[in-house]
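In: Coordinates for the following, if possible.
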Amino acid sequence: IQPIERFSRKEDQNLSEKRRDQRGRILKTGESHRKDGLYMFRYTDTRKQRRYIYARSLEELRRKEAEIQRDLADGIDYAAGEMTVLELVTRYMDLKRTLKENSYRAYDTVINRMRKDPFSQKQIRQIKPSDAKAWFVSLHDRGYKQSTISTVQCVVRPAFEMAVDDDILRKNPFKFKLSDVVPRDAYVRTALSREQQEQYLRFFMEYGGGNYYDDVVILLGTGLRVSELYGLTKSDLDFDRRCIHVRRQLSRTANQPYFISSPKTKSGIRTIPMTDTVYMALKCILKNRASPKVEMLVDGCTGFIFLDKAGRPKVAMHLENFMRGLQRKHPWALGGDFPKVTPHVLRHTFCTNMQQAGIDVKSLQYLMGHSNASVTLDVYTHTDYNIIKRAFDQAAANLRLCPEMQIYQVAGRTPISTPFAPKVMQTCVDLGGF
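Out: You can find the predicted model right below:
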């Protein structure tokens with residue numbers, strides 16, 4: 001930024017032909033001092049359009065000029081940075097065509113919330129990383145959970161990244177780790193232990209009147225997402241091979257009564273073996289299934305296995321509401337410390353059961369329909385010390401390569417003297433021991 005020049009009376013006479021502000025300071029090309037006291041600078045942007053900026057002082061105007069000149073030199077569209085956060089997010093969402101229905105609904109909710117927030121009316125070039133972090137902190141202070149704020153970030157962050165790609169901004173102010181700003185406060189799902197599973201199924205049968213019991217048994221024995229379970233049709237069941245073909249999800253919203261969507265990921269299309277318990281539960285479902293006069297057709301699919309009392313296909317809301325109602329009976333029927341049980345907790349429990357039974361990671365990833373094995377291990381499997389201790393003891397027994405080692409007691413690094421000492425010592429050296 002060039003310093004503001006001051007001239008002596010003699011120099012001022014020599015430069016009298018130059019334009020000056022009301023205080024006698026020389027103005028550069030494009031600068032002017034208006035009668036209302038504001039300073040103005042006009043320039044041509046990257047799209048060859050005439051633009052104007054204003055400031056209350058010449059010093060402030062020169063700072064803005066320097067910023068504009070730097071952006072123009074680097075190809076940054078300074079004028080486009082005047083769009084608001086809401087306008088940028090709306091522009092970004094208008095370009096999305098591959099999102100699933102549930103994602104669209106979640107993002108629409110985000111945009112509707114943003115419309116009421118003053119932050120959404122700020123110009124995007126004014127947003128700094130500290131502003132973005134302060135906004136998320138204020139959302140949390142207003143009662144929003146980290147999971148909700150994470151959904152907001154999933155919309156805002158790529159929108160600002162688009163602005164960077166379009167040379168509207170230099171940096172993305174939302175490119176930071178959310179957990180460094182907002183504490184984790186979401187409900188943590190825990191898998192049910194063996195005893196809790198048996199206790200819950202007895203409770204469900206007794207207090208649920210038998211309703212949805214088979215649904216719960218199947219979820220617990222397959223790890224299906226509840227929308228995948230209710231998306232099953234008769235043609236998806238192969239009782240000869242004892243397997244279930246998972247091909248779709250069935251959902252319902254306020255705007256769409258029923259619709260079919262593909263599983264959450266490409267890996268969600270899979271075939272799951274039936275256990276004896278799942279086999280019998282499915283047979284029971286089909287035996288008790290009502291035969292509607294007209295089978296409902298949803299996006300080309302018909303013959304849905306799970307029907308409500310009106311003969312229409314069940315959706316996740318049916319089971320979730322039923323389990324929520326039973327939850328109120330937990331404190332006096334199961335004890336106050338019994339964990340909250342949802343359809344997704346049953347999925348977590350299945351995954352943990354399989355992992356503890358010794359199934360390999362890739363097979364478990366396939367059964368769960370996860371695109372990445374890290375999700376299977378980090379999110380869906382749960383262990384405690386007793387389980388780890390049993391696994392450790394089993395592994396130690398399997399890895400006991402030197403039977404003679406059982407007769408040794410190690411004091412420091414020297415084994416007791418026995419006839420087997422030379423042989424054992426050499427074996428341990430080969431294995432990297434002692």
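
In: For the stretch 201-350 of the chain, just list every one of the strands.
Out: If you assign secondary structure with DSSP state E, counting those that start in this stretch, the strands in the stretch 201-350 of the chain sit at 237-238, 243-246, 249-251, 259-261, 270-273.

In: I'd like to know which elements the shortest one is packed against.
Out: Think strand 237-238. Secondary-structure packing of strand 237-238 (3 or more C-beta pairs under 8 Å, 6 or more residues apart in numbering; DSSP states H and E): strand 243-246. In this view, the C-beta of every residue, glycine as well, is placed from N, C-alpha and C.

In: any idea how far Asn353 is from Phe306?
Out: Distance check for Phe306 against Asn353: by C-beta to C-beta, to the nearest Å, it reads 23 Å.

In: Secondary structure element for His140, which one?
Out: In this assignment (DSSP states H and E), His140 forms part of helix 129-141.

In: And that helix, what's buried?
Out: By neighbour count, with 16 or more other C-beta atoms under 10 Å as the criterion, the buried positions of helix 129-141 are Ala132, Lys133, Trp135, Phe136, Leu139, His140.

In: which stretches of the stretch 251-400 of the chain aren't confidently modelled?
Out: Across the stretch 251-400 of the chain, residues meeting the criterion (pLDDT under 70) sit at 378-400.

In: Tell me who's in contact with the nearest residue to Ala55 once chain neighbours are set aside.
Out: Of all residues beyond its chain neighbours, the one nearest Ala55 is Leu61 (3.8 Å), with distances taken as C-beta to C-beta, 6 or more residues apart in numbering. Taking C-beta atoms under 8 Å, 6 or more residues apart in numbering as the definition of contact, the neighbours of Leu61 are Glu31, Tyr39, Met40, Phe41, Ile53, Tyr54, Ala55.

In: So the closest residue in space to Met354 that isn't next to it in sequence versus Lys266, what's the distance?
Out: Closest residue to Met354 in three dimensions, ignoring its sequence neighbours and counting by C-beta to C-beta, 6+ apart: Leu364, at 5.3 Å. Separation of Leu364 from Lys266 (C-beta to C-beta) stands at 17 Å.

In: Would you mind telling me which of the two has the busier surroundings?
Out: Neighbours were counted for Leu364 and for Lys266 using other C-beta atoms under 10 Å; Leu364 has more, 22 against 9.

In: Packing partners of the one helix or strand the more buried one maps to?
Out: When secondary structure is defined by DSSP H and E, Leu364 falls within helix 361-368. Taking 3+ C-beta pairs under 8 Å, 6+ apart as contact, the helices and strands that helix 361-368 lies on are strand 270-273, helix 343-356, helix 373-378.

In: do you know which of the ones you listed lies nearest Leu219?
Out: Leu219 sits nearest to helix 343-356 of all these, at 4.3 Å, using C-beta to C-beta.
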